[in-house]
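*Asks:* need coordinates for the following:
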Amino acid sequence: MFRPNRVGGNMLDRNVDGSRNDVLWSFIKKKGRNNVTVDDLVHVITPKGRASIPDSIKAELLQRIRTFLMSAAL
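*Replies:* This is a model prediction of the structure:
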């Protein structure tokens with residue numbers, strides 16, 4: 001079974017960006033706390049989150065996933 005936290009480990013910890021929280025809170029204040037859905041939050045944060053991860057981390061994570069899949073296939 002694929003477990004992202006095992007494969008990625010602390011990779012996501014290396015790329016913590018506090019500005020994402022600012023974007024979320026400003027969106028919630030603008031729309032109103034009771035009018036925000038999880039889907040709304042995902043659509044707001046996903047593009048910035050993806051863009052903020054360096055290509056080197058993406059490549060390393062992809063290699064770890066490939067290695068994991070190859071070892072699991074045996």
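
*Asks:* which residues touch whichever strand or helix holds residue 23?
*Replies:* Secondary-structure assignment from DSSP states H and E places residue 23 in helix 19-31. For helix 19-31, the external contacting residues (Cβ atoms under 8 Å, 6 or more residues apart in numbering) are 36, 40, 41, 44, 45, 48, 49, 52. For the C-beta atoms, the positions are set from N, CA and C on the backbone; glycine is no exception.

*Asks:* per-residue pLDDT, the last one?
*Replies:* At residue 52, the pLDDT value in this model is 85.

*Asks:* again with the fifth one
*Replies:* Confidence per residue is given as pLDDT, and for residue 45 that number is 85.

*Asks:* just the third one next, same as before
*Replies:* Model confidence at residue 41, given as pLDDT, is 88.

*Asks:* packing partners for whichever strand or helix holds it?
*Replies:* Secondary structure from DSSP H and E places residue 41 in helix 38-52. Packed against helix 38-52 by the contact rule (3 or more Cβ pairs under 8 Å, 6 or more residues apart in numbering; DSSP states H and E) you find helix 19-31.
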